[in-house]
Each structure stands twice: as structure tokens, then as C-alpha cells.
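Chemist: can't give you the sequence, but here's the structure:
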């Protein structure tokens with residue numbers, strides 16, 4: 001059934017589930033963004049006015065500490081989707097958040113006892129927890145979000161990563177420079193995570209079919225037009241599917257640009273454009289927040305266009321993805337041509353973040369379009385690949401930028417990001433689809449094959 005044929009239904013129990021998962025992503029990103037930001041305060045004894053706050057000026061392995069998160073995050077993305085399909089996502093989310101929160105509270109003690117190795121180990125375990133549940137977001141959207149609301153609430157959930165980053169960036173810096181020092185950030189985020197785990201335990205549910213209080217009308221509204229199958233994942237058909245490859249390739253391409261911009265642009269702003277660290281922090285926080293708010297505008301417009309059949313679902317996804325990919329590619333090329341302090345550079349950086357966030361209404365939701373039943377499994381493949389490939393721009397910076405104040409040395413990195421992201425989006429436009437694939441519902445496919453037999 002087409003999304004426009006579905007009835008308009010008001011507030012219900014699905015909104016409780018959406019709020020729980022939205023807050024989970026925000027809290028998880030606050031927890032996982034705390035170590036990179038607090039690391040600056042850990043190695044600078046003058047950050048907090050309290051002389052009793054410990055500092056570690058002799059650490060020389062900060063880069064390894066920062067990437068240790070991805071040692072756990074990258075591989076475990078493959079398991080999130082299949083586990084959610086077989087056992088449901090609720091308890092994995094509860095225990096992943098609980099473990100990550102307890103680790104956060106223990107981090108100051110582990111650092112005092114084991115030094116940077118303690119932080120490395122903690123960060124790796126937190127990466128494991130997040131890697132497991134991020135692909136489950138797609139499974140949650142398939143279970144709890146009606147087709148006619150998929151773009152709005154799906155984007156709302158995925159974009160909450162940005163909001164968590166905003167909170168962590170500002171709050172961790174404030175706490176680290178306060179009398180309580182950097183340990184207070186870990187205690188606070190860990191405590192919030194434990195409280196969330198309690199709420200999820202009481203209120204969370206794997207699907208409308210399992211919810212004891214939801215009305216039949218709301219359950220029917222959520223599940224209508226979404227055939228559910230418990231059969232094994234058809235990996236061979238997924239591998240041969242062009243739309244599946246297209247959404248994964250787009251995921252990889254945009255993640256390349258996102259990793260480059262979030263990791264290296266602060267340095268570029270400081271060393272090339274000449275802005276102070278404080279200015280960079282304020283500008284980036286405003287930019288993250290504006291990018292997050294922009295996703296509401298984009299998702300609502302996209303959903304309305306789809307529901308009114310002005311454009312097809314696939315066309316809307318491709319337009320959003322093109323804004324994210326080609327828009328950011330053009331902006332990065334223009335940014336690389338700036339050679340001195342320029343407020344135009346801040347405008348270009350602002351627009352780059354705005355563009356990349358539009359992808360939440362593009363490839364991120366397209367997983368659910370292509371395969372509602374196996375979206376978490378497919379997202380895990382795209383997530384793992386994009387995480388591994390996104391190290392390439394960071395390596396390029398290390399190899400080509402020997403003098404961070406020389407703008408010409410940044411050109412190869414920015415041009416490579418623009419080219420790769422642009423090419424992957426071209427593949428998405430050519431091979432991507434907004435329609436559910438036949439292999440997503442084996443029962444329906446088998447029935448069709450029987451009808452076609454003489």
C-alpha cells in the first residue's frame with residue numbers, strides 16, 4: 001500500500017518509543033564524545049582551577065587513544081542487525097547503554113590506575129556498545145515508524161547524533177574547566193545513561209505486536225503496508241542487489257566527507273583561516289545545532305512531497321543525497337582555495353555541515369525503503385565499510401599536510417573527498433531505489449514465482 005493511502009493518526013505509544021530511542025542516541029553520543037574532548041583537559045594541568053584534579057602531561061599516545069573507540073565500533077556493526085531480527089533490540093539497547101554508562105563512571109578510576117591504557121580499553125568497549133546498537137536504529141524504524149512518517153521520524157532519530165555531539169562539545173568543555181574538572185563529565189553522562197536504561201526497561205518494547213497497552217488502531221496504522229518475515233537473511237540476493245550496493249556506497253562516500261570535516265576542519269579553521277580555538281568552538285557548536293535543526297525542515301518537506309505523490313520516494317532520497325554529497329563537494333573545493341583569514345571560510349564550513357546533515361533524509365532512511373525487514377543487517381554492512389574507509393582522509397592529511405598553515409597542502413585532501421563523495425552519489429542516483437525490493441519479502445516472492453509457472 002502506498003504511504004499516501006495510510007490514515008493520519010495522532011499521538012500514540014509509538015511516540016514514547018521514538019522518544020526513548022532518540023534520547024538513547026543523544027546520550028550515547030554524549031558518552032562517546034566525552035573522552036576526545038576531555039583528553040585535552042587531561043593533558044593540560046591548567047584547565048581546571050582545582051589543583052586536585054589530576055592531569056597527565058607525559059602521554060604521547062593520544063592519537064591511538066582517540067581511534068581505540070573504532071576498534072570496537074567498526075566490527076560489531078555487522079552483528080547489530082541480525083541480533084535485533086532474532087531477539088529484538090530492546091535488551092541489547094538497555095545493556096549496551098548500561099555497560100557504556102558504567103564504564104563512563106569508572107573511566108577516572110581506570111585512568112588513575114592504568115593511565116592511557118585504561119582510557120584506551122574503556123573507549124574500545126564503549127565503541128563496541130555503540131557499534132552494536134547503531135544498526136538497530138534501522139530495525140527500530142521498520143518496526144515502530146509508519147511508512148507515512150518514516151522520513152520525518154527516521155531523520156529525527158539519525159540526526160540526534162548531531163545533537164549529542166553539540167551537548168557533549170559544550171558541556172564537557174564547561175565541566176572540564178570547572179572546579180570539578182574533567183572527571184565530572186564522565187560521572188554525569190554515565191549517570192544519565194543509567195537513568196535512561198531504567199526508563200527503557202520499563203517503557204521500551206520491541207514491536208507494536210508485543211506492546212500490551214497500544215490500541216489496535218495504532219498498531220494497524222504502524223504495521224499496515226509493511227510485511228514482516230522471520231525467514232533467514234537472503235545474503236546472496238542482497239549481494240546481487242544494485243539498490244543495496246547503491247545505498248551502502250552512498251553511506252561510505254558521505255561518511256568520508258563527514259569524518260574529514262568533523263576531524264580536520266577545526267584544525268583548518270585555526271591554522272589556515274587564523275581563528276582562535278575559542279572562536280572555532282563557538283562556530284562549530286552553532287553549526288552543529290543549525291545543521292540539526294535544518295534536518296527537521298528537510299525531512300518534513302520530503303515526507304510531504306512523498307505523501308502527496310509529487311515525487312517518488314526514490315527521487316526524494318536522491319535529491320537529499322545529492323545536496324549532501326555534491327553540495328559538500330563543491331563547498332570543500334571552494335574552501336580549499338582560501339589562503340588567509342576569511343569569514344567567507346566560516347560561511348563555507350557552516351554550509352558544508354548543513355549539506356552533509358541532509359543525508360539523514362537520504363541514504364540513512366533509504367535502508368528502510370529498500371529492505372524494511374533486513375535494514376539493520378544492510379546498515380551494518382554499510383556502517384562497517386564506511387568506518388574503515390573513512391580512515392583514508394585522515395591518513396591523507398598525515399601524508400600530505402606537513403605544514404598545517406599552508407593552505408595549498410590541504411587541497412589534495414579536500415579534492416579527494418569531493419571526488420569520492422561525488423562519484424558514490426552518482427552511483428546512488430543511477431542504481432538507487434526508493435522501492436522495497438522483492439527479496440525483502442521471500443513469501444511474496446515465492447508466491448509470485450508460483451503464479452508465473454505454467
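Modeler: Okay, I see it. Owing to the predicted nature of the structure, the values given are computational and were not obtained by experimental measurement. Numbers count the residues shown, from 1 in each chain.
Chemist: for residue 365, what are its contacts?
Modeler: By C-beta atoms under 8 Å, 6 or more residues apart in numbering, the contact set of residue 365 is 141, 150-151, 154-155, 158, 317. Every C-beta, even on glycine, is put in place using the N, C-alpha and C of the backbone.
Chemist: try 6 Å
Modeler: Counting by C-beta atoms under 6 Å, 6 or more residues apart in numbering, residue 365 touches 151, 154.
Chemist: go on, the one 10 residues further on?
Modeler: In this structure, residue 375 makes contact with 138, 142, 367-368, judged by C-beta under 6 Å, 6+ apart.
Chemist: for these, work out which two are farthest apart.
Modeler: 142 and 367 (9.0 Å; C-beta to C-beta).
Chemist: when the two are compared, which one has more neighbours?
Modeler: More crowded of residue 142 and residue 367, by other C-beta atoms under 10 Å: residue 367, with 31 against 24.
Chemist: I'd say that one and residue 139 touch.
Modeler: No: in this structure residue 367 lies outside contact range of residue 139 using C-beta atoms under 6 Å: 9.8 Å.
Chemist: what's the host helix or strand of residue 155 packed up against?
Modeler: According to DSSP states H and E, residue 155 maps onto helix 150-158. Judged by 3 or more C-beta pairs under 6 Å, 6 or more residues apart in numbering; DSSP states H and E, helix 150-158 is in contact with helix 13-42, helix 277-307, helix 363-370.
Chemist: out of the ones you listed, which is the most enclosed?
Modeler: helix 363-370 (a mean of 29; mean count of other C-beta atoms under 10 Å).
Chemist: and for residue 135, the neighbour number?
Modeler: Neighbourhood size, residue 135 [other C-beta under 10 Å]: 29.
Chemist: roughly how far apart are it and residue 35?
Modeler: 22 Å (C-beta to C-beta, to the nearest Å).
Chemist: quick one: low-confidence parts of this structure?
Modeler: Within the chain, the ranges that satisfy pLDDT under 70 run 1-9, 61-63, 225-230, 277-278, 339-341, 442-454.
Chemist: burial measure for the closest residue to residue 296 other than its chain neighbours, as a count.
Modeler: The shortest distance from residue 296 to any non-neighbouring residue, by C-beta to C-beta, 6 or more residues apart in numbering, is to residue 156 (7.3 Å). Neighbours of residue 156 under the rule other C-beta under 10 Å: 23.
Chemist: state the distance from residue 156 to residue 169.
Modeler: Distance from residue 156 to residue 169, by C-beta to C-beta: 20 Å.
Chemist: and what of residue 145?
Modeler: For residue 145, the distance to residue 169 - C-beta to C-beta - is 29 Å.
Chemist: more neighbours: those two, which one.
Modeler: residue 145 (24 against 19).
Chemist: ok, the more buried one - contacts?
Modeler: With C-beta under 6 Å, 6+ apart, residue 145 has these contacts: residue 153.
Chemist: redo that, cut-off 8 Å
Modeler: 14, 18, 153-154, 222.
Chemist: ok, residue 394 - contacts?
Modeler: 259-260, 263-264.
Chemist: I misspoke; the intended subject was residue 105.
Modeler: Applying C-beta under 8 Å, 6+ apart, the residues contacting residue 105 are 186-187, 190-191.
Chemist: farthest pair within these?
Modeler: Among the contacts of residue 105, 186 and 191 lie farthest apart (C-beta to C-beta), at 9.6 Å.
Chemist: the more surrounded of the two?
Modeler: residue 186 (26 against 13).
Chemist: buried residues in the host helix or strand of the more buried one?
Modeler: Counting by DSSP H and E, the element that carries residue 186 is helix 183-203. Residues of helix 183-203 classed as buried: 183-190, 192-194, 196-197, 200 (neighbour count, 16 or more other C-beta atoms under 10 Å).
Chemist: chain center to that helix, what's the gap?
Modeler: 20 Å (C-alpha atoms, centre = their mean, to the nearest Å).
Chemist: list the contacts of it.
Modeler: With C-beta under 8 Å, 6+ apart as the criterion, helix 183-203 contacts 16-17, 20, 23-24, 27-28, 30-31, 34, 37-38, 53, 90, 93-95, 97-98, 100-105, 107-108, 168, 171-172, 175-176, 178.
Chemist: any idea of the angle that helix forms with helix 13-42?
Modeler: Computed by axes from the mean of the first three to the mean of the last three C-alpha atoms, to 10 degrees, the angle separating helix 183-203 from helix 13-42 equals 160 degrees.
Chemist: could you point out which element follows helix 183-203?
Modeler: helix 216-223.
Chemist: show residues contacting the next helix or strand along the chain from that next one.
Modeler: Downstream of helix 216-223, the first helix or strand assigned by DSSP H and E is helix 235-239. Residues from elsewhere that reach helix 235-239 (C-beta under 8 Å, 6+ apart): 244, 371, 374, 377-378, 439.
Chemist: residue 79 reaches residue 134, doesn't it?
Modeler: No: between residue 79 and residue 134 there is no contact under C-beta atoms under 8 Å: 11.2 Å.
Chemist: so which of the two has more stuff around it?
Modeler: Neighbour tally, residue 79 and residue 134, criterion other C-beta under 10 Å: the higher count belongs to residue 134, 23 against 19.
Chemist: am I right that the more buried one is in contact with residue 383?
Modeler: Yes: at 6.3 Å, residue 134 and residue 383 qualify as touching, with contact defined as C-beta under 8 Å.
Chemist: got any residues that touch both of these two?
Modeler: residue 77.
Chemist: in JSON lines, list the contacts of residue 105 along with distance to residue 116.
Modeler: Output for those, formatted as JSON lines (distance: C-beta to C-beta, whole Å):
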{"residue": "186", "distance to residue 116": "15"}
{"residue": "187", "distance to residue 116": "20"}
{"residue": "190", "distance to residue 116": "20"}
{"residue": "191", "distance to residue 116": "24"}
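Chemist: pick the one among those closest to residue 284.
Modeler: Out of these, the member with the shortest distance to residue 284 (by C-beta to C-beta) is residue 186, at 22.0 Å.
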